[in-house]
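Participant: What shape does this take:
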Amino acid sequence: MPSRPFEGINILDFTWTATGPFTLNPLAFYGANIIKVESRARYDALRSLGPFKDGRAEPERSFYFSYAQTGKRYNITLNMDHPGAREIARRLVGWADIVADSYATGTMEKWGLDYESLKKIKPDIIMFRTCMHGHTGPLAGQHGQGFILTALSGVDAIIGWPDRAPAGAFGALTDFIAPQFNTICLIAALDYRRRTGKGQYIDQSQHEASLQLMTPLILDYTVNGRDFHASGNRLSGAAPHGIYRCLGDDRWCAIAVFTDGEWQGFCQVIGQPALAADPRFVTLADRKRNEDELDCIVEGWTARRSPHEVMTLMQASGVPAGVVADARDQAEDPQLAHYNFFEEREHPVTGKMPFYHGPCFRLSAAPYEIGRATLIGEHNEYVYTGLLGYSDEEWARLAAEGVI
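Facilitator: Just a heads-up that it's a prediction; the model follows:
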């Protein structure tokens, strides 16, 4: 296999749940060696989240964990609350190029694994940290995760309808925003070390990253004094703009018309070309003033057609439209199949799993490789005896004493 960009890069992974793992996955896909650290007393929280294979809520059967952990090469158990574990962790730091954690402020410090301590072990170490508010400032000690961050970032305030309470985002939306920035930071830190021989400390606030979704609305407030609020599926710069009912049980299609050209194309598609010159709808401002009436016309047409037919007809005329996809649509999507998005891997507990996915991008000169999710402590023997050089007797003693 041709060389991959991050081959030879070793990462000691103390992250858990979603943001940390999704940050490191692209590096793993392209060659990085990752040792994920868990504890039998407190394993990764994602192992407790469903759905589960065959509906059995067991830590090795979580689809969510498997999805988040594709590509990690090794998994060890290490009880960091045991004093003996901390010396092992320090030895692993000597192996690593990057140490990553997503714990609350003070946790790594309590274990003697703060950045200054890591540098004494390995001067060019890169330490990456991510948590809700970062590790400095007045709110650094607050605990939380993605569900809380969608509220703090204001995302929850804009999802829903004007006359109802906020609907909120589905799941931990921000867990999928922060990793995009984090991975770039790590690549930059690796490049900096390659050029200078020096390490780096990265302190990432997931709250800050999540605000990237909200910057236009925050700017509107700071400049114009206009606060943001929920507006359903409508957008100030487009009409029609919404999710429209289609033929079938709970089937819908999104349509977004921004320009006059798209509006004229839309009218042609629905068989009402004269509508483009209707005084109620000629300009965007006209359409916004009469948006309720316009939406009724749109849905009167879409409700008689399947969402795929609506999307196909609109796209053929240059009008942005997309099926509101359900799980079956995603699984059968020909574009995803073309890119081999869903890859099947054999898992020792759950059998063949068809939903592992790659990095969502392709490098022409470097192939990626993904693997199944690891089991709790699956590579203890290799890491402790092979990598760190403990004897079989020492390894057995560490297990008996509850260190690993």
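
Participant: Quick one: residues contacting Q180.
Facilitator: Going by CB atoms under 8 Å, 6 or more residues apart in numbering, Q180 touches A209. C-beta here means a position set from N, CA and C on the backbone, and glycine is covered the same way.

Participant: can you confirm it is in a strand?
Facilitator: No. Checked against DSSP: H, G, I helix; E, B strand; the rest coil, Q180 lies outside a strand; its state is helix.

Participant: which helices and strands does the worst-scoring helix or strand of the chain on mean pLDDT pack with?
Facilitator: Of all the helices and strands that make up the chain, strand 351-357 has the lowest average by mean pLDDT, DSSP states H and E, namely a mean of 77. If contacts are counted by 3 or more CB pairs under 8 Å, 6 or more residues apart in numbering; DSSP states H and E, strand 351-357 sits against helix 63-68, strand 342-347.

Participant: List the contacts of the first one.
Facilitator: Read it as helix 63-68. Contacts to helix 63-68, defined as CB under 8 Å, 6+ apart, come from residues 17-18, 21-22, 25, 44, 46-47, 49-53, 59, 347, 350, 353, 355-357, 372-373.

Participant: do the last one as well
Facilitator: Taking contacts as CB under 8 Å, 6+ apart, the residues outside strand 342-347 that touch it are 66, 70, 331, 336, 352-358, 370-373.

Participant: so which pair among these is furthest apart in space?
Facilitator: Farthest pair in these (CB to CB) is A331 and G371. Separation: 21.5 Å.

Participant: How far off centre is the least confident helix or strand of the chain?
Facilitator: On the basis of CA atoms, centre = their mean, to the nearest Å, strand 351-357 sits 18 Å off its chain's mean C-alpha point.

Participant: Stretch 50-57 too?
Facilitator: Offset of stretch 50-57 from its chain centre (CA atoms, centre = their mean): 21 Å.

Participant: helix/strand/coil for M127?
Facilitator: Relying on three-state DSSP, one would call M127 strand.

Participant: Helices along the stretch 251-400 of the chain, start to end?
Facilitator: With helices called from DSSP state H, counting those that start in this stretch, the stretch 251-400 of the chain shows them at 260-269, 284-289, 291-302, 307-316, 327-331, 334-338, 380-381, 392-400.

Participant: tally of neighbours for W301?
Facilitator: Residues contacting W301 under the criterion other CB atoms under 10 Å number 18.
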